[in-house]
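Chemist: Give me a 3D structure for the following:
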Amino acid sequence: MPRTVWSGAISFGLVTVPIHVVSATENHAIRFHQYHLEDMSRVRVRKICEIEDREVPQDEIGKAYEISKDTLIAISDEELREIPLPTAKAIEIAAFVPAASIDPLQIGDGYYLQADGPVAAKPYKLLRMALERSAKVALAKYAWSGRERLGLLRVRDDAIVLHAMRWPDEIRSPKELAPATVEVSDDEIEGAQALIDHMTRDDLEGSEFEDHYTDALAEVIKAKRDGQAPPETPASEAPAGKVVDLMAALEASVKKARNSRGEGDADVHELHPKKKTPAKKTAKKTATKKTTAKKAAKKTAAKPKRSA
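Modeler: Numbering: from 1, shown residues only. Just a heads-up that it's a prediction; the model follows:
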C-alpha cells in the first residue's frame with residue numbers, strides 16, 4: 001500500500017469526510033546515478049553553507065522568503081501547517097462542473113482519496129455515488145507545500161481521485177503559436193476524419209501502449225553486464241519530406257490503419273469520391289418535360305379541324 005502523503009478531510013457543504021491522500025501512480029522508469037567516469041566513483045550533490053563553507057545537515061536547513069538581498073524572512077514548516085486558511089486542513093469543494101468543461105492542460109498528478117476509518121465510510125460512499133450519478137466532477141481548493149491549490153475530484157471505480165490543477169492564469173495562450181493562414185478543403189477534412197475513425201479504440205490495451213523504451217534499456221544493461229555488445233537499433237523508415245499530395249497520404253494512412261487491425265484494404269474506398277448529380281435536379285427536369293408535353297397536347301386539341 002502506498003504511503004499517506006497528506007491527511008485531512010473533504011468539505012462537501014456541511015458534510016465532512018475524513019480522508020488520507022495516497023499516490024495513484026507509479027514510476028517504472030530505470031534510474032541512473034551520476035559517476036565520475038575516470039574511476040567510477042559516485043558523484044553526489046551536497047548542500048554547502050556559503051558563509052561557513054561546510055556541508056549542512058538536513059535538520060539545519062529551513063525555508064525563507066527573500067524580500068531583498070539583505071532581508072530574509074524565515075518560515076518554519078509548523079507555520080506553514082498552521083497557516084490561517086480553511087483549505088489548510090480540508091479539501092474544500094467549491095463547485096460541480098461537467099468534465100468536458102475542464103481544459104486538460106490544467107490537470108496534473110492524480111491521488112487516491114481513502115476514507116479515514118469507519119466513520120468516514122458512509123459520507124465517502126455518498127459523495128462517490130453522487131458524483132457518479134451526476135456525471136460531473138468537483139472543483140475544490142486545498143493547501144499543500146506552502147501554497148493554495150486548485151483540485152479536481154472525480155470517480156474511478158470505487159474510489160475518489162483528486163487531481164492537482166493549475167490555476168487558469170498559469171496556462172499560456174497558444175495564439176502566438178497558430179500557423180499562418182492556410183486553406184483546408186472539405187475532402188481533406190473528411191479524409192482526416194476517416195483516418196480518425198479507423199484509428200479509434202475502445203481501450204488502451206495492446207503493445208502500442210506499452211513502455212518499450214524501458215524494456216530496450218533493460219536489454220542494453222543486461223548485455224553490458226554479460227560482456228556482450230548492446231542490441232542493434234532496428235532500421236527505421238527514413239522520415240518523409242514535404243507532403244505533396246495530402247489526400248494520397250491520408251488514403252495510404254487509412255489503408256495502413258486497416259491492415260494493422262487485420263481488416264485488409266479490400267473495402268477501402270477513395271476518400272474523395274466523385275460527386276453525383278443531386279436527384280432533385282433530375283426530378284425537376286423530368287417534371288419540366290412533362291409540363292411541356294401537356295401544354296403541346298392542349299394546343300393541338302384546341303386547333304379547329306380544316307374542312308375538306
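
Chemist: So what are the sheet partners of the host helix or strand of Ile91 and their directions?
Modeler: Assigning secondary structure by DSSP states H and E places Ile91 in strand 90-98. Taking DSSP bridges as the criterion, strand 90-98 forms sheet pairs with strand 4-12 (parallel), strand 136-144 (antiparallel).

Chemist: any idea how far the next helix or strand after the last one is from the chain center?
Modeler: I take that to be strand 136-144. Where DSSP H and E defines the elements, the next helix or strand beyond strand 136-144 is strand 147-156. What separates the centre of strand 147-156 from the centre of its chain is 16 Å, taken as CA atoms, centre = their mean, to the nearest Å.

Chemist: so strand 147-156 versus strand 4-12, what angle?
Modeler: Here strand 147-156 runs at an angle of 80 degrees relative to strand 4-12 (axes from the mean of the first three to the mean of the last three CA atoms, to 10 degrees).

Chemist: Let me see the residues that make contact with strand 147-156.
Modeler: The contact list for strand 147-156 (CB atoms under 8 Å, 6 or more residues apart in numbering) reads 10, 24, 85, 87, 91, 93, 99, 102, 106-107, 113, 128, 131-132, 137-143, 160-167. To be clear about C-beta, it is placed using only N, CA and C from the backbone, and glycine gets the same treatment.

Chemist: if we go to 7 Å?
Modeler: Here strand 147-156 makes contact (CB atoms under 7 Å, 6 or more residues apart in numbering) with 85, 87, 91, 93, 99, 102, 107, 128, 131-132, 137-143, 160-165, 167.

Chemist: what comes up buried for it?
Modeler: Of the residues in strand 147-156, 149-155 count as buried by neighbour count, 16 or more other CB atoms under 10 Å.

Chemist: Adding distance to Lys224 and pLDDT, write those out as a markdown table.
Modeler: A markdown table is the format used below for the buried residues of strand 147-156 (distance: CB to CB, whole Å; pLDDT from 0 to 100):
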| residue | distance to Lys224 | pLDDT |
| --- | --- | --- |
| Arg149 | 43 | 89 |
| Leu150 | 46 | 93 |
| Gly151 | 44 | 94 |
| Leu152 | 44 | 95 |
| Leu153 | 46 | 96 |
| Arg154 | 44 | 95 |
| Val155 | 46 | 95 |
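
Chemist: Which residues does stretch 204-213 contact?
Modeler: Contacts to stretch 204-213, defined as CB under 7 Å, 6+ apart, come from residues His28.

Chemist: let me fix that: stretch 74-86
Modeler: By CB under 7 Å, 6+ apart, the list of residues contacting stretch 74-86 from outside reads 62-65, 92, 143, 146, 148.

Chemist: Select from those the one having the most neighbours.
Modeler: The most neighbours of any of the contacts of stretch 74-86, using other CB atoms under 10 Å, belong to Ala143, which has 21 neighbours.

Chemist: roughly how far apart are it and Ile107?
Modeler: 19 Å (CB to CB, to the nearest Å).

Chemist: quick revisit: let's have the buried residues of strand 147-156 in JSON lines, adding distance to Val56.
Modeler: Compiled in JSON lines, the buried residues of strand 147-156 are given as follows (distance: CB to CB, whole Å):
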{"residue": "Arg149", "distance to Val56": "30"}
{"residue": "Leu150", "distance to Val56": "35"}
{"residue": "Gly151", "distance to Val56": "34"}
{"residue": "Leu152", "distance to Val56": "39"}
{"residue": "Leu153", "distance to Val56": "40"}
{"residue": "Arg154", "distance to Val56": "42"}
{"residue": "Val155", "distance to Val56": "46"}
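
Chemist: Against which helices or strands is the helix or strand that contains Ala130 packed?
Modeler: Element membership of Ala130, judged by DSSP H and E, is helix 118-134. Packed against helix 118-134 by the contact rule (3 or more CB pairs under 7 Å, 6 or more residues apart in numbering; DSSP states H and E) you find strand 15-23, strand 147-156.

Chemist: Now render those strands as TSV, adding distance to Glu263.
Modeler: Converted to TSV, the helices and strands packed on helix 118-134 look like this (distance: least, CB to CB, whole Å):
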stretch	distance to Glu263
strand 15-23	40
strand 147-156	32
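
Chemist: I figured Leu246 was touching Glu188, is that so?
Modeler: Yes - shown here, Leu246 and Glu188 form a contact pair, counting by CB atoms under 7 Å, at 5.6 Å.

Chemist: so what's in contact with those two at the same time?
Modeler: Common contact partners of Leu246 and Glu188 (CB under 7 Å, 6+ apart): none.

Chemist: quick check: domain ranges of the protein?
Modeler: If you go by automatic domain parsing, the domain ranges for the chain are 4-27+48-170, 182-200+245-269.

Chemist: Could you check which helix or strand contains Leu190?
Modeler: One correction, residue 190 is Glu, not Leu. helix 186-199.
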